[in-house]
Structure formats: structure tokens, C-alpha cells
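>>> build the 3D model from these lines:
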Amino acid sequence: MKNLVSTEFEDSTSYNLVKISGIDRKTRIVEESSIIRNANRKRLLCFPNETISIGEVVEFDNSNWICVMNDTTSPISDVGIIERCNNVLQFYDKNSILYDVPCIVGKGSIGLDEQKVISTLDSEIAIQISNTSITRQIPMNYVFKLGLRNYSVVNIDDITVPGLLLIKMVYSEVEQVIPTHNYGIDILNGSSASITQNETLQLNVSVNDNNVEIISPIITYTSSNILIATVSSSGLVTAINSEGNCTITAIYQGVSDSIELTIAVEPQHNYTVNIVPSGILKVGQTITAVAQFMDNGIVTSDIATQWKLFADDGVSTTTLATITPLGNNCSIKAGTSIGYVRLYVENENCSNIVRVQVASLW
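Numbering: from 1, shown residues only. This is a model prediction of the structure:
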């Protein structure tokens with residue numbers, strides 16, 4: 001049966017391609033029943049194995065519709081009763097983002113009878129909207145402007161019909177306040193940055209409205225060339241290529257800021273270490289040798305991991321000299337004998353040896 005219905009589904013005169021929750025869907029839309037005919041209330045038949053839930057918004061016939069009832073008992077597909085939205089609520093959420101919320105405006109008491117839908121506004125009205133993470137932010141006493149009149153929220157029912165918010169409103173002398181926004185956005189990392197391949201850069205972005213910082217704004221990030229670098233929804237930039245340039249842009253409510261990113265060739269290291277001073281050490285004298293680590297001739301902050309002292313001929317240096325290492329410094333104390341010693345230093349990158357003569361005092 002499902003295969004037969006699927007094969008012939010698009011052949012029906014009631015076939016319509018609509019959007020349900022923003023997704024293209026194949027449907028059949030017919031009158032609610034053979035007796036009830038209403039231009040603002042229809043029965044939607046889903047394609048086999050597909051579903052529709054109460055509260056989902058359907059874009060059909062150049063209008064928004066809300067599914068107010070559904071039947072999931074059919075072994076073939078879901079059936080939904082949809083009602084045409086006859087107004088829009090303009091709502092600012094906690095991040096000052098403006099949403100246009102399709103709604104069904106009815107007379108005073110909340111109900112699903114299509115006869116309650118009205119074309120003129122009353123002093124007490126009922127609103128049906130989808131129950132979403134956005135609409136659940138609507139607070140009590142919030143004032144909406146519908147037509148030329150303002151209405152204040154006095155009750156929000158999210159229990160009676162799961163999937164819908166049933167909102168009772170009364171006429172209000174208070175005008176709906178539509179905030180005037182002046183958004184600003186700033187990438188605090190600066191106007192340019194340089195990283196190497198496979199390195200990351202976390203963007204630090206500040207967003208404000210009328211110079212007041214917005215906490216936890218929803219920012220959109222883009223890369224001018226994803227073959228050079230990508231950027232995640234959290235602003236983490238990752239270098240993809242080994243070399244190149246691209247622009248990373250942060251966008252909030254139509255305003256943006258950019259940072260120019262350069263992917264630099266990872267430098268080749270050339271580690272060396274010098275030991276200074278070297279030369280002659282008098283019997284009984286103490287000097288300090290210093291290890292100076294460099295990379296491509298530039299002094300680094302590398303630390304020596306080991307110092308050693310041994311005689312030129314490889315035998316014990318006890319009578320020639322002793323050492324006391326301390327980081328990159330090493331004290332050398334001459335003994336009572338004369339001769340030559342070799343002072344050795346190393347770390348994980350490089351090592352070096354210098355020859356020191358232990359000479360008599362005269």
C-alpha cells in the first residue's frame with residue numbers, strides 16, 4: 001500500500017510541494033472534511049512514512065500555516081490539520097534579535113474551533129503560535145502591536161496543546177516598545193594575524209548594542225577561502241593550507257568586523273648553543289660558564305638539561321676541576337692539578353663542548 005501511494009502521490013490534483021519547518025516536503029492538501037470547507041483550515045496528508053507535528057509551520061499558498069492537530073495512527077503517513085496564520089507577532093528576544101512569529105489570532109477564549117478566528121481585533125484576544133525555544137522567551141505582560149492596537153500578554157498556556165503556545169492577551173494603553181538598535185562588533189585579536197599550517201587561532205569578539213555589551217551573542221563567522229583557513233561557529237580558526245592569505249569575518253545583525261589572516265610557512269629550526277667564557281682557568285680559581293641557546297642565530301629561552309665535565313684524555317677530572325650546574329649557568333672550580341678539561345652542555349635540541357685549560361698560577 002505504501003509503495004502504491006508513493007508511486008501515485010504526485011498524480012493527485014491535491015498534490016502540493018510545501019515547506020514544513022523550512023524543509024521541502026511532498027504533501028496532499030485537501031478540505032478538512034467533505035462537509036466542512038474553510039479557506040483558512042485544511043487537512044494535510046504527508047508522503048508515506050513522513051510525519052508532521054503539532055506546532056510545525058507550513059509554508060503553503062503564499063501563507064504561513066500552523067499544524068494545530070495531527071493524527072499519527074495511520075500505517076501509511078501522518079495527517080495534520082493546519083490553520084492559516086492571520087497575523088505576525090514582532091518579538092525581540094533576550095539578545096535583542098527581532099523575530100517575526102506567525103500567529104493565529106482568535107477571540108477571547110483560547111480554542112481550536114475555526115469559528116473563533118476573527119478578522120477584526122477585540123479587547124480580549126487569543127493567540128496560537130508554535131512552541132519553540134524562541135517563542136518560549138515571550139514574558140508575561142509583554143506588549144505586542146497588532147494592527148493599530150496594543151495587547152498585553154496575561155496568560156501563556158504551554159500544556160493544553162503540546163507543541164503550541166496558547167496566549168491570552170488584553171487591550172493595552174501602553175504602546176509596544178520597538179527598541180532602536182545600534183549594533184557594533186569588534187574582533188579583539190586585531191586587524192591581522194599570522195599562523196602556520198594546522199595551527200589554530202581563537203577569535204575574541206565583542207558585540208554591543210548602543211555601546212552596551214551583549215552577553216553570549218550568536219555570531220556568524222565566514223572565511224573568504226576555506227582552502228586556506230576555516231572558522232567554526234565558536235570563532236576557532238584553523239589553518240588548512242601551508243601558505244596563503246584569507247579574510248575571516250564575524251557578523252552580528254548585519255554589522256561585521258574582519259581580520260586578515262596570513263598562513264606562514266613554518267620556519268626551519270637551526271638550534272645551537274654557545275658556552276662562554278672558555279679558555280684558561282687558574283689552579284684554585286672558580287669561574288661561571290653560561291650556556292646561550294639560539295635558534296637560527298636568535299637567542300631563545302631554552303634551558304640546559306645536563307652539564308658534564310671530563311678530562312681531555314677521558315680519565316677522572318676530580319683533581320683538575322669540579323662543576324656545580326644551575327640551569328644555564330655552571331660554576332667551574334679548578335683543582336690542584338694542571339691540564340685540560342672539556343665542559344659539555346646539552347638539552348633536547350642541541351649540545352656543545354668547549355675545552356678549558358687548568359693552568360698554574362704562575
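
>>> for Leu320, what are its contacts?
Taking Cβ atoms under 8 Å, 6 or more residues apart in numbering, we find Leu320 in contact with 311, 334-335, 337-341, 358. No exception for glycine: its C-beta is placed from N, CA and C like everyone else's.

>>> what ranges of this structure fall below the confidence cut-off?
Scanning the chain for pLDDT under 70 picks out 1, 95-96, 107-122, 278, 313-318, 362.

>>> nearest to Ile29, of the contacts of Leu320?
Comparing the contacts of Leu320 against Ile29 with Cβ to Cβ places Val341 closest, at 96.8 Å.

>>> show me which of the contacts of Leu320 are buried.
Among the contacts of Leu320, those that count as buried by neighbour count (16 or more other Cβ atoms under 10 Å) are 311, 334-335, 338-339, 341, 358.

>>> so which of those sit within strands?
311, 334, 339, 341, 358 (DSSP state E).

>>> most widely separated two among these?
By the measure Cβ to Cβ, Ala311 and Ala334 form the most distant pair in those, at 12.8 Å.

>>> quick one: the helices in the chain?
2-8 (DSSP state H).

>>> give me the domain ranges for it.
Domain segmentation of the chain under automatic domain parsing yields 2-84, 87-172, 183-264, 271-359.

>>> surely Asn141 meets Asn155?
No. Checked against Cβ atoms under 8 Å, the pair Asn141 and Asn155 is beyond contact range at 10.7 Å.

>>> closest to Ile125 out of the ones in strands among the buried ones among the contacts of Leu320?
Val341 (98.2 Å).

>>> so the closest one sits against Val358, correct?
Yes. Val341 lies in contact with Val358 (Cβ under 8 Å); the separation is 6.4 Å.

>>> which of the ones in strands among the buried ones among the contacts of Leu320 sits closest to Ile298?
Val341 (30.1 Å).

>>> now do the contacts for the closest one.
Shown in contact with Val341 (Cβ under 8 Å, 6+ apart): 309-312, 317, 320-321, 355-356, 358.

>>> the same query, at a cut-off of 10 Å, please.
Val341 makes contacts with 281, 309-312, 317, 320-323, 332, 334-335, 354-358, as judged by Cβ atoms under 10 Å, 6 or more residues apart in numbering.

>>> separation between Asn3 and Ser74?
15 Å (Cβ to Cβ, to the nearest Å).

>>> nearest residue to Asn87 in space, please, no chain neighbours.
Take Asn87 and drop its neighbours on the chain: the residue closest to it by Cβ to Cβ, 6 or more residues apart in numbering is Val105, 4.8 Å away.

>>> for the one you found, give the beta-bridge partners.
Val105 forms beta bridges with Ile127, as assigned by DSSP bridges.

>>> residues near it, how many?
Close neighbours of Val105, defined as other Cβ atoms under 10 Å, add up to 25.

>>> was I right about it contacting Glu124?
No. With contact defined as Cβ atoms under 10 Å, Val105 does not count as touching Glu124 (11.5 Å).

>>> list residues touching both of those two?
What both Val105 and Glu124 touch, as defined by Cβ under 10 Å, 6+ apart, is the set 151, 169.

>>> from the opening residue of stretch 199-216 to its closing one, how far?
One end of stretch 199-216 to the other measures 26 Å (Cα to Cα, to the nearest Å).

>>> in that stretch, what's buried?
Neighbour-count burial for stretch 199-216 [16+ other Cβ under 10 Å]: 201, 203, 205, 207-209, 214.

>>> over to stretch 262-269?
262-263.

>>> and stretch 265-281, C-alpha only, in CSV?
Extracted C-alpha coordinates of stretch 265-281, given in CSV (Å, rounded to 0.1, in the frame of the first residue of the first chain):
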residue,chain,number,x,y,z
VAL,A,265,55.5,28.8,6.1
GLU,A,266,56.5,27.0,9.3
PRO,A,267,60.1,28.1,10.0
GLN,A,268,63.0,25.6,9.8
HIS,A,269,64.8,25.4,13.1
ASN,A,270,68.6,25.6,13.5
TYR,A,271,69.4,25.1,17.1
THR,A,272,72.9,25.9,18.5
VAL,A,273,74.4,26.6,21.9
ASN,A,274,77.5,28.5,22.8
ILE,A,275,79.4,28.2,26.1
VAL,A,276,81.0,31.4,27.4
PRO,A,277,83.6,32.0,28.6
SER,A,278,86.1,29.3,27.6
GLY,A,279,89.8,29.4,27.8
ILE,A,280,92.2,29.2,30.7
LEU,A,281,91.2,28.5,34.3
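
>>> mind listing what's buried in stretch 59-72?
59-60, 64-70.

>>> which one of those residues sits closest to Ile36?
Nearest member of the buried residues of stretch 59-72 to Ile36, counting by Cβ to Cβ, is Met69, at 13.0 Å.

>>> and the closest one, how far from Ile82?
Counting by Cβ to Cβ - Met69 and Ile82 are separated by 9 Å.

>>> repeat for Pro48
Distance of Pro48 to Ile82, given as Cβ to Cβ: 19 Å.
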